[in-house]
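> Following is a predicted model, sequence given first.
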Amino acid sequence: MKLGIERTVAGDFNAVLEKTKEALKSEGFGILTTIDVKATLKEKLGADFENYVILGACNPPLAFKALTATREVGLLMPCNVVVREKAAGSILVSAVNPATFAQVLPDVDLSEMTTQATAKLTAAINKI
């Protein structure tokens, strides 16, 4: 099983980042956190890094289902979506594969939530 659901698209990094946010929103996800890895590494370490942003995405109904099944799933939330520049004009968008939640918590039935979350994240990425 792959760790992420991913797609490489051509375009401007910031435009793809905005399209990613819009696509997630269209599938019921809100963005709870935005981590600009490039800016953070530059500020904290003086290190150069490619454009790389981590979005913490949450679909409230699915999060509620997962948290109702087990509070431990909160350690795996929100769903991370990474937008990173592989090369000029080549942007990789990837989202955590929710099926990995079931592997980490095998004693809890998260199948309904992970199936729905996978479908929604895949649909969002395919819209970019």
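Yep, it's here.

> Stretch 78-88 - what's its average pLDDT?
What stretch 78-88 shows for mean pLDDT is 96.

> Can you give me the buried ones in that stretch?
78, 79, 80, 81, 82, 83, 84, 85 (16 or more other C-beta atoms under 10 Å). Heads up, the C-betas are built off the backbone N, CA and C, glycines and all.

> now do stretch 100-111
101, 102, 105, 110.

> Just the CA atoms of that stretch, as CSV, please.
C-alpha atoms of stretch 100-111 as CSV (Å, rounded to 0.1, in the frame of the first residue of the first chain):
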residue,chain,number,x,y,z
THR,A,100,-2.8,3.7,6.6
PHE,A,101,-5.0,4.7,9.6
ALA,A,102,-6.4,1.2,9.7
GLN,A,103,-3.0,-0.4,9.7
VAL,A,104,-1.9,1.7,12.6
LEU,A,105,-5.0,1.0,14.6
PRO,A,106,-5.9,-2.6,13.5
ASP,A,107,-8.2,-3.3,16.5
VAL,A,108,-10.6,-0.5,15.4
ASP,A,109,-13.0,-0.6,12.5
LEU,A,110,-12.2,2.5,10.6
SER,A,111,-13.2,1.1,7.2
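
> Run the chain-centre distance for it.
18 Å (C-alpha atoms, centre = their mean, to the nearest Å).
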